[in-house]
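>>> Fold the following for me, if possible:
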Amino acid sequence: MKLGIISDTHGLLRPEITPALAGVDHILHLGDVGKVSILRELEKIAPVTAIRGNVDRDGPCAELPETEVVLFEGRYLYLLHDLKTLHLDPAAAKFAAVLSGHTHAPNVYRRKGVLYFNPGSCGPRRFNLPVTIGLLEVEAGQEVEAQLVQIVPQ
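Residues are numbered from 1 along each chain as shown. Next up, the predicted model:
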């Protein structure tokens, strides 16, 4: 199963996002959506699961959950916006991956058998950080594999 992972759109859905997410089975938005219309556009590509971020204070985006647990191919994924707010042990909870955003900086690493993945930001460019999204490959009984995709050249 192929998942599209995005975060920190801040109300901007760049036209490059649609082709980058072509063929994904599901999209996970890790917060700071900015406008609910972003989610509606993403739903034209694939089903969407979204959580709220610190800028999602008003309107429909404020009603999104703060965290979410999703199950794909027998693998549990934990979604939260800011990794600093993680208050559980993902390995003890048997999560295959922890997916977060907030920093706008892409990051991929493993700790105690758990994948930690931040796809970076695909909204307005912040500082000199790249504009990126992520892709996850999830297969039953396999480690979850992450890939960063740069959307806009530096």
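>>> Distance from the helix of greatest length in the chain to the middle of the chain?
In terms of residue count, the longest helix belonging to the chain (DSSP state H) is helix 36-42. Centroid separation for helix 36-42 versus its chain: 14 Å, with CA atoms, centre = their mean, to the nearest Å.
>>> Repeat that for stretch 107-124.
Using CA atoms, centre = their mean, the offset of stretch 107-124 from its chain centre is 9 Å.
>>> Compute the first-to-last residue distance for it.
End-to-end distance of stretch 107-124 (CA to CA, to the nearest Å): 18 Å.
>>> mind listing what's buried in it?
114, 115, 116, 117, 118, 119, 120, 121, 122, 123 (16 or more other CB atoms under 10 Å). Where C-beta positions appear, they are placed from N, C-alpha and C, glycine not excepted.
>>> I'd like the residues you listed as CSV, with pLDDT, distance to residue 14 and secondary structure appended.
Shown next, in CSV, are the buried residues of stretch 107-124 (pLDDT from 0 to 100; distance: CB to CB, whole Å; DSSP: H, G, I helix; E, B strand; the rest coil):
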residue, pLDDT, distance to residue 14, secondary structure
114, 98, 30, strand
115, 98, 25, strand
116, 98, 25, strand
117, 98, 20, strand
118, 98, 18, strand
119, 98, 14, coil
120, 97, 13, coil
121, 96, 11, strand
122, 96, 6, coil
123, 95, 8, coil
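>>> No further queries at this time; thank you.
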